[in-house]
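Undergrad: A structural model of the following input is requested.
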Amino acid sequence: MGIDIQTITQLRNQTGAGIADCKNALEEAGGDITKAVEILRKRGEIKAAKKADRTTNEGLVAIIKDGQKASAVVLACETDFVSRNEDFISAVSGYAQKLLTTPEADFKNWAEENIKTDLVLKIGENIKLGDFGVIEGNVLGTYLHSNKKVGAVVALTGGSLELANDIAMQIVAMSPKYVSSENVSMAEKEKEKEIYREQMKNENKPAEIIEKIILGKLNKYYEDVCLLNQPFIKDDSKKISDLLKEAGEGIAIKEFRKFSV
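TA: The predicted structure is shown next:
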């Protein structure tokens, strides 16, 4: 059968194989591109490695929760068009599902091999495994933004699912680095103080006043980087620490992770 040049070009772009090899594979596959890819793979004609240096600035986040365990996976691709492809969407979700039952080191090896030998060939773009992880806790909150390019998982020691999901949304919106100020290293605190002192060195204020100002600036810094110190995005009259206190005694944030493309 005659194979048109557009189909040959499509297969060549997808696989990196030569024009003649693509034409022969398509003829053998009766024009079916999926079958032609399989034929080229069996013949060792795939040049997937050529795609590995292409920039991957798009992609998706998938989060799967099962009881007291949640997994999240980021897959990066080259174009937004591919990030909306059903095969790509299904792959990200499938990877997150596999991570639930696979040790992280084993998952990484499996995913990178699967991407190279299967997904890149199926999708036709460079694809890379981004951030991934598993979080466990008594109460797990998750939030995935509508564009599916950023999400978060948080583990609480107690409280309601609604509270946990609200805090996960907070994490996506405000990008905290730490749970509380106690988690900020002394070196980081001293670095911030030195910056504030440098900012005020020409203001001729008494030393005790400068130290009070520095303390105030440091507390403001904690609002930016510490989850418990942040004003709640749904009600800025409350901090996240206030929400936990209102939810009941002993409820705390065990762990959180933000995942983004």
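Undergrad: Give me the below-cutoff pLDDT ranges for the stretch 51-200 of the chain.
TA: 51-54 (pLDDT under 70).
Undergrad: again, only this time at 80
TA: Within the stretch 51-200 of the chain, the segments meeting pLDDT under 80 span 51-56.
Undergrad: Let me see the ranges of the helices in it.
TA: 80-83, 86-100, 104-114, 120-123, 161-174, 186-200 (DSSP state H, counting those that start in this stretch).
Undergrad: can you list those helices in a markdown table and add distance to Val37?
TA: Where C-beta positions appear, they are placed from N, C-alpha and C, glycine not excepted. Listed next are the helices of the stretch 51-200 of the chain as a markdown table, based on distance: least, C-beta to C-beta, whole Å:
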| stretch | distance to Val37 |
| --- | --- |
| helix 80-83 | 16 |
| helix 86-100 | 12 |
| helix 104-114 | 15 |
| helix 120-123 | 6 |
| helix 161-174 | 37 |
| helix 186-200 | 50 |
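Undergrad: And the ones you listed: which comes nearest Gln6?
TA: helix 80-83 (17.6 Å; C-beta to C-beta).
Undergrad: that older thread, quick one: closest of the helices of the stretch 51-200 of the chain to Glu28.
TA: Using C-beta to C-beta, the helices of the stretch 51-200 of the chain put helix 120-123 closest to Glu28, at 17.0 Å.
Undergrad: From the contact counts, what lies against that closest one?
TA: helix 33-43, helix 86-100 (3 or more C-beta pairs under 8 Å, 6 or more residues apart in numbering; DSSP states H and E).
Undergrad: Turn the ones you listed into CSV, including distance to Asn165 and mean neighbour count.
TA: Listed next are these as CSV, based on distance: least, C-beta to C-beta, whole Å; neighbours: other C-beta atoms under 10 Å:
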stretch, distance to Asn165, mean neighbour count
helix 33-43, 39, 17
helix 86-100, 18, 18
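Undergrad: Now distance to Lys205 too, for the ones you listed, in a markdown table please.
TA: Listed next are the helices and strands packed on helix 120-123 as a markdown table, based on distance: least, C-beta to C-beta, whole Å:
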| stretch | distance to Lys205 |
| --- | --- |
| helix 33-43 | 71 |
| helix 86-100 | 53 |
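Undergrad: coming back round to it: which of the helices of the stretch 51-200 of the chain sits closest to Val73?
TA: Nearest of those (C-beta to C-beta): helix 86-100, 4.4 Å.
Undergrad: Can you check what angle separates the closest one from helix 104-114?
TA: Helix 86-100 and helix 104-114 are oriented at 160 degrees to each other (axes from the mean of the first three to the mean of the last three C-alpha atoms, to 10 degrees).
Undergrad: How about residues contacting helix 86-100?
TA: 59-64, 66, 69, 71-73, 75, 77, 82-83, 107, 110-111, 119, 122-123, 127, 129, 132, 134 (C-beta atoms under 8 Å, 6 or more residues apart in numbering).
Undergrad: Lys189: what's it in contact with?
TA: Leu218.
Undergrad: buried subset of the contacts of helix 86-100?
TA: Listed as buried from the contacts of helix 86-100 are 59-64, 69, 71-73, 75, 77, 82-83, 107, 111, 119, 123, 127, 129, 132, 134; burial here means 16 or more other C-beta atoms under 10 Å.
Undergrad: For this protein, which helix extends over the most residues?
TA: The single longest helix within the chain, with elements called by DSSP state H, is helix 207-225.
Undergrad: Let me know the angle separating it from helix 186-200.
TA: Using the same axes, to 10 degrees, helix 207-225 lies at 120 degrees relative to helix 186-200.
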